[in-house]
Every structure is written in C-alpha cells, then in structure tokens.
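K.L.:
what shape does this take:
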Amino acid sequence: DELIGMNGFALVHPDDLQTAITAFEAEMKKPDQNRSVDIRFRRKDGSWLWTEAKGKNLFGNPHIQSMLLNLNDISLRKQSEQALQESELRYKSFFNQVPLPLFIISGDHKRIIDVNTNAVEKYGYAYDEFLQLTFCNLFTSSFTCDEIDTIYAEGRVIEHQTKYGEKILVTISRNEIIYSNESGYLMQVTDVTESHRTRQENELGFEISEILIQPTPLQDNLKNALSKIRIFAGWKLAELWMPSYDGMYLTCQVADIDSNEVDERIFRFISATDELEYPISTYTTQGLHLSNKPYWIEDIATSEFQFKRKESALLNGFKSALAVPVMSDERVICCFFFLNQQPKKYNRNVCNHISILGKLFGAEIDKRKNSLMLDQFFLISKDILTIAGLDGRYKRVNPAFVAFSGYSAEEAKEIHPLSYVHDYDKPAVLDKLMELSNGVAVPYFENRIVTKAGETKWIAWTATPLLSEGIIIASHRDITAQKEAAEALAISNERYE
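P.N.:
The predicted model follows:
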C-alpha cells in the first residue's frame, strides 16, 4: 500500500536511473523484447537492493493499461561477482559458500576443473564425477560453439538436467578467470525454473483473458483458449464439459487436440464422446461436482477414480487424465478434462494454474449466459425497456419501444429522448434526467410523448442509474388508455354536476 501512487523511478539508484529510463522507453516503443537490466532499488530502510528488472508493456490490454514490472533479487549474484574481484586470497572459501552452483571450466570448454558444494547438491553428481564430465554434458540439447557463445552472451534461459534426470531451467553467467595459472571460465548457474514458470503462467493468463473477451462466438473463444492450456500443460487431448440449460446434465462442448495428430484412436474416442450425456450428480463416483478440486489420475487403469468413460479411455490408449471442475455458488459452470497416452506424474502447479484459469472460463461463460438471458427477456418483454447513457441518449431499445413510438431502434439512438417529450412536459422530464445523471433513481413518473406519426401518448416509467457502468436502465408502460378513460370520466362527471 505504501508503494501505490509512488513514482517508481524515484526508488532507483541515481547511477542507474538513466539505464532504467532507457529500458522503459524501449519497452514502450517495442514491447515483448524480453529486455532486462540490473539496477538498484531503494528499500524502505534506505539501503539499496540489486535487482534484475524486466518490464512487460500491458498498456494495450484494456483491463490492465500499465507496465508489468518483474524484479528478481540478484543481490547474491552481485555479491559473488564483487567478492571474486575483491579478494583472491579468500577465493576457495567464498567459492564454496556462494549459495549458487559455480563451475570453473577450461578455456576450450572440454573439462570441468572445479565445482562448489552448491553445484554438487544441485546436480547430484559427486565432486569426482563432475571432473569426468564436460560442462556441455549438463545441457539437455546439443549446441554448436557459436550457439553456446550466444546463449552465454545473451543470458538466455536454457535447460539443464541433473544426475537423476530432473530438468531445470537456468541462466548462466560466464566470466574469464585465471585458475592455477590456467586460463578458463567461471560459470555461475542460476536456477530460474520457478520464476520462469510463474512468468509463463502470468503470460498465459493474460492471453486466455484476451481470447475469452473477443467479440466472436463463445464456442470459438473457448476452443482457442482451451488449446492454449492444453499445449502449455502438455496433454494430448483437452475437453470442456458444460451443463445443460437446466443444469442437470454434462455434455462435451469443446474438444482440442494437436492439429498434426494422426492417431485414429483419439478421433474414435472424441467421436464416441460427442454422443454422450451424463447426469452431473453421477458423472463420477467421487462426486467431482461437489469437491470443487482438481483430480489427477496418474494411472487410469489402477486409479480409484472411476469415471464413466474409463473403459473407452483405456481401449483408445489413454494412460493418465486430469479433471478440473469450475464451480460458482455450488453450481457447475464447466469441467475441464485432459487425457494423455503417455503417463503423466502429478504436478501441483499445473493443477492449481488450470483451476485459476478455469475461473476465467467460468466468469466468461456465466457472463455470456446472463447476457443471453437478458437479451431474450429484453426482446420478448411487453414492457417498453430502454438502456441509455448518463446523458440520456438511448443505447438500446426493445421491440416494444419501436411499436409504441414508431421510431426504429437506430432512429432512437440518433435522437435525444427529450425530442420525443411533449413540449408541456419537457422541463419536468429534464429535471428527472438530471437526477438520474447524478445517481438518483426515479421510482415513478408520468409524461406525454409525441410518436413519429405525431400522435400524443402517455407513459409511466421508472429508471435506475448504474453510475459504475455509465448507463440508465428504464422500464415504461403505455398508460394512454387509462388517461383517456380518466379524462372521459371527468368530462362525464362535469356534465351531470
């Protein structure tokens, strides 16, 4: 809370200010260049913190309109660089105390000469085992010498593999060094697996949000967004199940597979699924619709999780599955189902992230359904319904308005409502419009209007302003007949008095 409203550049060290400004301007001009700069930020206590700063230009996103700044604490890296420069006498002690994997390799990259204890712990190799390897043995892919030089120079994220097969994402800092009278390199490895995953998840979230709000058919948006999630999570088949209109049954509405897929079994499974409909309450024996939690099935054949399509899934070669329900007020909005023909181990991060993305799906599905229901009500209502801006001009009118006034929906948007009002009633109506624009509802009001055909009619109306949305919703009724009847009765009474 203390930072909100502050100028971020005011927290930057004076010596680093120009660097920060230049990087900011570059991101504004050319977004998504993955730039990073090392700058110092002032802590609350006045001390300086070294950070790697990365900015992402989100001004084009109508829901955000700001610069996303990601700061990684690189104090340890800066400390290690400084310490190595300051004292060669303390080198070995410091080398083993640095909480990052450090390697000293030969100038030709063919030998590992020394490693620190953190490298041993991180990669699982014993010290002597490291000395039998080359630094390139740690990479999961092969690179040419030129490619390796580029990776080091640009600080690219690259994949390493530990002795036990675990893959980690790292950045590598390479510095020339003289070690035991031999020219070589000091290689500092930083594990960025977690931060890289977080950044990718954030970027996917923004991308999914953008897809779902596009003014295109909901089914198309859901399929495009589902495809992004499937690719990100690495599943073979992704399905989106949605409830029927009455909320009693689940059917598969969207399915997504790799466009290059050629396995006929998958197409056979999808074809069979298209014809299925399941009661929500009995779709799984575990009551997935009640748990509101993801369920990861590492082995479909042996799992206690019994779902209706187990036999079909096994028959078509699927080994693992993931079910993720999306709920709102104890209602099933939708349910993700992912299947894979290769076993997939449980991944808590994937479960959590898909659950979060599911809320975006749920919100958009609910919004579209509510909008559809509103549209249907708006169209079939016998009452005259209008939606206007705070200036009083109509944004939308229903068919009952058109029948009553004689003006088409497009004509109604072009003419100010006061133009329809009878001259005698305009001052009073204008006062009511002013009240509405100030947020005051009008519970009931009567006035005359003049139709397109020149006929004078009476209406009774009520209106509610929604200032946060910038609109006024109003409901009107034609009371011309009542007014004429009342007037006729009054005239009749006068005659007999």
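K.L.:
just how off-centre is stretch 442-456 within its chain?
P.N.:
Offset of stretch 442-456 from its chain centre (Cα atoms, centre = their mean, to the nearest Å): 47 Å.
K.L.:
got the CA coordinates for it in CSV?
P.N.:
Taking C-alpha atoms only, stretch 442-456 is exported to CSV below (Å, rounded to 0.1, in the frame of the first residue of the first chain):
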residue,chain,number,x,y,z
VAL,A,442,-36.7,7.7,-10.4
PRO,A,443,-39.3,5.3,-8.8
TYR,A,444,-42.3,6.6,-10.8
PHE,A,445,-43.0,9.4,-13.3
GLU,A,446,-45.6,10.1,-15.9
ASN,A,447,-45.3,12.3,-19.0
ARG,A,448,-46.6,12.6,-22.5
ILE,A,449,-44.6,11.8,-25.7
VAL,A,450,-45.1,12.5,-29.3
THR,A,451,-44.7,9.5,-31.6
LYS,A,452,-43.1,9.5,-35.0
ALA,A,453,-46.6,9.7,-36.5
GLY,A,454,-47.3,12.8,-34.5
GLU,A,455,-49.7,11.1,-32.0
THR,A,456,-49.6,12.1,-28.4
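K.L.:
tell me the mean pLDDT over that stretch?
P.N.:
Average pLDDT, stretch 442-456: 94.
K.L.:
only the buried residues of that stretch, if you could.
P.N.:
Buried residues in stretch 442-456, counted by 16 or more other Cβ atoms under 10 Å: 442, 445, 447, 448, 449, 450. All C-beta spots, glycine's among them, are computed from the backbone N, C-alpha and C.
K.L.:
check contacts around residue 157.
P.N.:
Under the criterion of Cβ atoms under 8 Å, 6 or more residues apart in numbering, the neighbours of residue 157 are 169, 170, 171, 192, 196.
K.L.:
quick check: it vs residue 353, distance?
P.N.:
Using Cβ to Cβ, to the nearest Å, residue 157 is found at 19 Å from residue 353.
K.L.:
likewise residue 101?
P.N.:
Distance, residue 101 to residue 353, using Cβ to Cβ: 27 Å.
K.L.:
residue 141 now?
P.N.:
Relative to residue 353, residue 141 is positioned 26 Å away (criterion: Cβ to Cβ).
K.L.:
next one: residue 211
P.N.:
With distances taken as Cβ to Cβ, residue 211 is found 16 Å from residue 353.
K.L.:
could you do residue 440 as well?
P.N.:
45 Å.
K.L.:
drop anything exposed from the contacts of residue 157.
P.N.:
Buried residues within these, counting neighbours by 16+ other Cβ under 10 Å: 169, 170, 171, 192.
K.L.:
mean confidence score for the helix or strand encompassing the second one?
P.N.:
Residue 170 belongs to strand 167-179 when elements are defined using DSSP states H and E. Mean per-residue pLDDT for strand 167-179: 91.
K.L.:
that strand: partners in the sheet, and parallel or antiparallel?
P.N.:
Strand partners for strand 167-179, identified by DSSP bridges, are recorded as strand 158-161 (antiparallel), strand 182-191 (antiparallel).
K.L.:
looking at these, which is closest to residue 207?
P.N.:
strand 158-161 (22.5 Å; Cβ to Cβ).
K.L.:
all good on my end, thank you.
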